[in-house]
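Asker: would you be able to build a 3D model of this:
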Amino acid sequence: MSPDAVHPPSPARTTAGFPWAGYLLGFALGGFFDGILLHQVLQWHHLLSAVESSAVQDIRVQILADGLFHAAMYVVAAVGLWLLWRSRRRFAEPGADRLLFANALIGFGVWHLIDGVLSHWILGIHRIRMDSANPLLWDLLWFVVFGVAVVAAGWRLRSRGGAGGRAAPVALTLAALVAGPVAALPPPGMTTVMVLFKPGTTAPDVFAAVAAVDGRTVWQDPSGQLWAIDLGETGSPMALYRHGALLVSNTLLPTGCLDWFRT
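Answerer: Sure thing, here's the model as predicted:
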């Protein structure tokens, strides 16, 4: 007979990991957010982008490093889920859901604080935007919006209770609304964008849209819906949405992720 069968774990022991469940799950989500958005979707950097070694600069090594990083975040998330399962009795207590969310916000923000200090400034293995003429500006922007602001929102939600906690999701929403448009800005010197047009858009429609923004076509996929367009120095990517564009991206993301358009 096991010791736990004779002396079952006390409720205090089984619920002690509840705060850390939130911290670890938020931390893992912060890592996934960084890796998926910045490494894969926007393609602003890889984990080891700033490491000046011909072997490391091989794209296969860069992708491997990103994969190992995501695997580590899976381990952190798994530990957080295990602690959450062990401490599931806490959900019977008032405010447990709020506490879990607050701790997850703190963990999410702490990830970005650690990443900023360690990866960007101490180790120097990458920056937020490797193609920027002013990488420190982007580092500080990400550090404040997704690090300091999110930790502050989580801390406020923990400290102020239900009524005061309304500021946390509001602050997080505002941070996302501010960071999203800023993140969509093309890097200095880049004038070519990938544009996905609505189904049924004809080539003359596309050429009319390009002429409306004073641009020129660079490339198109066989479906005729995905185009690379050089906007020049004065063209506005937002204007393309008024001429049938579904998505305008300053990365080559659509070339890979929208490959199913090919016939």
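
Asker: list the buried ones in stretch 73-80?
Answerer: 73, 76-77, 79-80 (16 or more other C-beta atoms under 10 Å). No exception for glycine: its C-beta is placed from N, CA and C like everyone else's.

Asker: next: stretch 85-100.
Answerer: 86-87, 90, 96, 99-100.

Asker: can you give me the end-to-end span of that stretch?
Answerer: 13 Å (C-alpha to C-alpha, to the nearest Å).

Asker: quick one: which of the buried residues of stretch 85-100 sit in helices?
Answerer: Residues of the buried residues of stretch 85-100 located in helices (DSSP state H): 86, 96, 99-100.

Asker: among those, which pair sits farthest apart?
Answerer: The largest separation in those, counting by C-beta to C-beta, is between Arg86 and Leu99 at 15.8 Å.

Asker: for the nearest residue to Ile128 once chain neighbours are set aside, helix, strand, or coil?
Answerer: Spatially, and ignoring its direct neighbours in sequence, Ile128 is nearest to Trp138 (4.1 Å; C-beta to C-beta, 6 or more residues apart in numbering). With DSSP: H, G, I helix; E, B strand; the rest coil as the basis, Trp138 sits in helix.

Asker: from what I see, Trp138 and Met130 are in contact.
Answerer: No: Trp138 lies out of contact with Met130 (C-beta atoms under 8 Å); the separation is 9.5 Å.

Asker: out of the two, which sits in the busier spot?
Answerer: Shown here are Trp138 and Met130; by other C-beta atoms under 10 Å, Trp138 has more neighbours (21 against 16).

Asker: check what pLDDT that one gets.
Answerer: Trp138 is assigned 91 on the pLDDT scale.

Asker: output stretch 110-129 as CSV, nothing but the C-alphas.
Answerer: The C-alpha trace of stretch 110-129 is given here as CSV (Å, rounded to 0.1, in the frame of the first residue of the first chain):
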residue,chain,number,x,y,z
VAL,A,110,8.3,38.0,-17.8
TRP,A,111,9.1,35.9,-20.8
HIS,A,112,9.5,39.1,-22.9
LEU,A,113,11.5,40.8,-20.1
ILE,A,114,13.9,37.9,-19.9
ASP,A,115,14.2,37.6,-23.7
GLY,A,116,14.9,41.3,-24.0
VAL,A,117,17.6,41.5,-21.4
LEU,A,118,19.2,38.1,-22.0
SER,A,119,18.8,37.4,-25.7
HIS,A,120,18.9,41.0,-27.1
TRP,A,121,21.3,42.8,-24.9
ILE,A,122,23.5,40.4,-22.9
LEU,A,123,24.0,37.4,-25.3
GLY,A,124,23.1,39.4,-28.4
ILE,A,125,21.9,36.3,-30.3
HIS,A,126,19.1,38.2,-32.1
ARG,A,127,17.2,41.4,-32.1
ILE,A,128,13.4,42.0,-32.6
ARG,A,129,13.9,43.4,-36.1
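
Asker: this completes my enquiry, with thanks.
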